[in-house]
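In: starting from these lines, generate the structure:
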Amino acid sequence: MIISAPLEAKLYTKESLELPDIIKERFPKIQFIFQPESIEDIQSLFSYSRENKLSVIPRGAATSGIGAITPLRQSVMADLTRLNSVLDFDQKKKIVCFEAGTRWWDLKRFLKKYSMDLFTYPTSLFSTIGGWLSTGGFGINSFKYGHISNLVRSIEIVTPTRKIWLDRQDRDFKFFIGTEGQMGIITKARLKVREAKPSKSYLVFFKNSKSVVSFLMDLFQSPKIQPCHVSFFDRNRLGDKNLLLKGKVSFPNLEAILLVFEDSFSEPAFLSLVSKKKGMLAEDYLNAFLWNERFFPFSLRHFYPTLLGSEIILPLEKLDRYLIETRIFGENCGLPLSTEASFINKDEAVVFTIFPSDSKKFTLFFHLLLTYSLAHKALSCGGKPYGIGIWNLPLLKKKFSIETIKDYQRFKKETDPENLLNPYKSFSSGQKITSLLKIASSMSFFLSKNNPFLKPFSRTLNHNSKTGKKSIPETEACTNCGACAAVCPSYLINRSEIVTAKGKLFLLKQLLEGIPLPRDIAEKVFLCLHCHLCEYVCQSKLELAGVWDRLERIVKEKFGLPKERINEFIRTVDSDPACSQLLDSLSLSSDKLKVVHYV
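Out: Residues are numbered from 1 along each chain as shown. Coordinates of the predicted model:
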């Protein structure tokens, strides 16, 4: 399937964290979206791009927020989500083989039927497996089980010059993990899985971050206490969560550690350590709420139009220093910084510090510089970037050694000699964007020094940053995470994200801003069962039923009601096995979901 409408192509380039339109509009455009369904389709796309001198941008669910799918040359985009089949499951060996466009949520549902589960998985549960292998790899349970690549037995790769299976022991395996689709497209993978196990979680409060670090250092040295997942939340991050609780209950103004255990473990030893380190155990309902929130890291978007931040891998021993320095930095700039961290081993954590902004205001440009300032704070504490994409290009040498970069650049030239795949990013040169970002990064380094002359200026710019206590319009609150696509019956049929909640909020925003919509695209807003599934998985926790009624009224007034198109959609839903399977798995039926204007 090819999606060529410019408006839909624009939707497909949106990520969870967006650059301002004034910047993004100056990037080259995506010519069309191609949805391959086979290896041969991908190879044909490479041939087409080669003949027409176009680049290829691989795309999973677009959950990255650092410009991993932003084109730097005229390009076509390969939407890989149609490569989503589970191909084989060896229950005895506990190895599952699947296409890389499969979403983690779907794989977990498949494994649940066999009382099996994943060792580790991302917080963006609706991202694709190939996407996470290409861009990240640390997530839930990584403390115990490490990077997801440790559990991958082999991957199938398609490059502009070849197709090959690679075992994780092969020398070339590393070139396709964490390189953000620059070397080749991961099309299949074989993954080690395990039997499902019960787990128990605890939330422990401490008065300050120094006590947190002291507790963790002792915890990690204890042979009797072996958690599978460990997260940290500073008091400001817990304050963010209090906004979601709407005053019914609340987290205290303290720092917190969330720990998850599996199998048997020494609870007396754990509780003794908590008491020794003067920790305070949270009530079960707070613990359960925070554990459930692991899938909603951007839920604060319910209250702020834009969230910006920095994601860094940081040594445990420097966490306290980093928190103190960023807290002072935030206070000087008038920014409500909040920090969350997930530990990936006994020595390091992926640290995520965020703050609110507004893409419609000039302050966004200043705030973008401050994301680099946060990165510089972390780098001074021994940290390194988690991902690169476009935004972190100036920090490439902080993530990889010079020898590693040269090795990756050599491999890039060998496997993609015409620079077709996601060009001009980490491991290929030739774009002005890198120089411009380096200038911005240098300016932000000056800002990170807490210069007293900048304090009044920063506070003046940011004086409204703490006012986001009320819900904002749904069109502004969407995080573009794409979770709604994974559960949307209409998406299963139409295969275009324009019919998902993400797409319809995008269309509503266009209409409200006076941008004309083609009739063919506008009428797609009616291809909806009003099943509420998008609400259940929404990152921003939006209530969308009323929004769809409003959107449909606007489109109906402008174009009329496309009754035949709606009826055809209903007939397709009733006869489509994939829709039936999805609705049955969630105890729903299409008959119950039909709304009045469909009849």
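
In: what's the closest non-adjacent residue to Lys276?
Out: With Cβ to Cβ, 6 or more residues apart in numbering as the criterion, Lys276 has its nearest non-adjacent residue at 7.9 Å, and that residue is Asp218. In short, each C-beta sits where N, CA and C put it, glycine included.

In: dump the residue contacts of that neighbour.
Out: Contacts here follow Cβ atoms under 8 Å, 6 or more residues apart in numbering; on that basis Asp218 touches Leu273, Lys276, Lys277.

In: what's the spacing between it and Leu542?
Out: Spatial separation of Asp218 from Leu542 under the definition Cβ to Cβ, to the nearest Å is 42 Å.

In: what of Pro71?
Out: Distance of Pro71 to Leu542, given as Cβ to Cβ: 29 Å.

In: before we move on, what about Asn422?
Out: Relative to Leu542, Asn422 is positioned 31 Å away (Cβ to Cβ).

In: run through the stretch 251-400 of the chain and note the low-pLDDT ranges.
Out: Across the stretch 251-400 of the chain, no stretch falls below the confidence threshold (pLDDT under 70).

In: tell me where it has helices.
Out: Listed in chain order, the helices found in the stretch 251-400 of the chain under DSSP state H, counting those that start in this stretch are 267-276, 284-292, 319-333, 363-380, 396-399.

In: how about the stretch 401-550 of the chain?
Out: Remark: helices assigned in the stretch 401-550 of the chain by DSSP H, counting those that start in this stretch are 402-415, 432-447, 454-461, 474-477, 483-487, 489-494, 501-512, 519-522, 533-537, 545-559.

In: which of the ones you listed has the lowest average pLDDT?
Out: For those, mean pLDDT drops lowest on helix 454-461, to a mean of 61.

In: so between Asn422 and Leu542, which is more surrounded?
Out: Higher neighbour count among Asn422 and Leu542: Asn422, with 30 against 21, using other Cβ atoms under 10 Å.

In: does that one really touch Val56, like I thought?
Out: Yes. Because the distance of 7.4 Å satisfies Cβ atoms under 8 Å, Asn422 is recorded as touching Val56.

In: give me phi/psi at the spatially most central residue of the chain?
Out: If you average the C-alpha coordinates of the chain and look for the closest C-alpha using Cα atoms, centre = their mean, you land on Thr63, 3.4 Å from that point. Backbone torsions for Thr63, taken as degrees, to the nearest 10, come to phi -90, psi 0.

In: can you pull the pLDDT of it?
Out: pLDDT for Thr63: 81.

In: list the residues that contact it.
Out: By Cβ under 8 Å, 6+ apart, the residues touching Thr63 are Glu15, Ser16, Ser124, Phe126, Ser127, Gly131, Cys481, Gly482.

In: can you give me every residue that contacts the fifth one?
Out: Listed by Cβ under 8 Å, 6+ apart, the contact set of Ser127 reads Gly60, Ala61, Thr63, Arg103, Trp104, Gly482.

In: which one of the residues you listed has the most neighbours?
Out: Among the contacts of Ser127, the one with the most neighbours (other Cβ under 10 Å) is Gly60, at 30 neighbours.

In: among the contacts of Thr63, which ones are buried?
Out: Buried residues within the contacts of Thr63, defined by neighbour count using 16 or more other Cβ atoms under 10 Å: Glu15, Ser16, Ser124, Phe126, Ser127, Gly131, Cys481, Gly482.

In: how about those residues, which pair is most distant?
Out: Across the buried ones among the contacts of Thr63, the two members that end up farthest from each other (Cβ to Cβ) are Glu15 and Phe126, 14.0 Å apart.

In: ok, now how distant is the residue nearest to the centre of the chain from Thr135?
Out: From Thr63 over to Thr135 the distance is 8 Å, taken as Cβ to Cβ.

In: average pLDDT for stretch 155-166?
Out: Here the mean pLDDT over stretch 155-166 is 96, rounded to a whole number.

In: gap between the two ends of that stretch?
Out: Stretch 155-166 has an end-to-end distance of 5 Å (Cα to Cα, to the nearest Å).

In: what comes up buried for that stretch?
Out: With burial defined by 16+ other Cβ under 10 Å, the residues of stretch 155-166 counted as buried are Ile155, Glu156, Ile157, Val158, Thr159, Pro160, Leu166.

In: leaving aside the residues adjacent along the chain, what's closest to Arg153?
Out: Arg190 (4.3 Å).

In: what about the one you found, which helix or strand?
Out: Element membership of Arg190, judged by DSSP states H and E, is strand 185-192.

In: now do the contacts for Asp240.
Out: The neighbours of Asp240, taking Cβ under 8 Å, 6+ apart as the test, are Ser299, Leu300, Ser338.

In: and which of these is nearest to Val96?
Out: Taking Cβ to Cβ as the measure, Val96 sits nearest to Ser299 out of the contacts of Asp240, at 30.3 Å.

In: and the helices of the stretch 401-550 of the chain, which is most packed in?
Out: With neighbours defined as mean count of other Cβ atoms under 10 Å, the helices of the stretch 401-550 of the chain peak in mean count at helix 483-487, which reaches a mean of 26.

In: how far out from the middle of the chain is that helix?
Out: In terms of Cα atoms, centre = their mean, to the nearest Å, the gap separating the centre of helix 483-487 from the centre of its chain is 13 Å.

In: on that earlier part again, which positions in whichever helix or strand the residue nearest to Lys276 is part of come out as buried?
Out: Secondary structure here is read from DSSP H and E; on that basis Asp218 sits in helix 209-221. Of the residues in helix 209-221, those scored as buried under the neighbour-count criterion (16+ other Cβ under 10 Å) are Ser209, Ser211, Val212, Val213, Phe215, Leu216, Leu219, Phe220.

In: which element follows that helix toward the C-terminus?
Out: Elements were assigned by DSSP H and E; along the chain past helix 209-221, the next helix or strand is strand 229-233.

In: strand partners of that following strand, parallel vs antiparallel please.
Out: Applying DSSP bridges to the sheet, strand 229-233 is found paired with strand 255-262 (antiparallel), strand 338-343 (antiparallel).

In: can you pull out the strands in the stretch 101-250 of the chain?
Out: Ranges of strands in the stretch 101-250 of the chain, per DSSP state E, counting those that start in this stretch, are 116-117, 152-158, 163-167, 185-192, 194-195, 199-206, 229-233.

In: so which of these is the most surrounded?
Out: Per-residue neighbour counts averaged over each of these give the maximum for strand 229-233, namely a mean of 24 (mean count of other Cβ under 10 Å).

In: got the angle between that one and helix 319-333?
Out: With axes from the mean of the first three to the mean of the last three Cα atoms, to 10 degrees as the criterion, the two stretches strand 229-233 and helix 319-333 enclose an angle of 30 degrees.

In: tell me what angle strand 229-233 forms with helix 209-221.
Out: Relative orientation of strand 229-233 versus helix 209-221 (the same axes, to 10 degrees): 170 degrees.

In: what's strand 229-233 in contact with?
Out: 140-144, 212, 216, 219, 241, 255-260, 290, 294, 319, 339-343, 349.

In: if burial is judged by neighbour count, which of those pass?
Out: Burial by neighbour count, 16+ other Cβ under 10 Å: within the contacts of strand 229-233 this picks out 140-144, 212, 216, 219, 241, 255-260, 290, 294, 319, 339-343, 349.

In: so what's Ile66 closest to, chain neighbours aside?
Out: Gly389 (3.2 Å).
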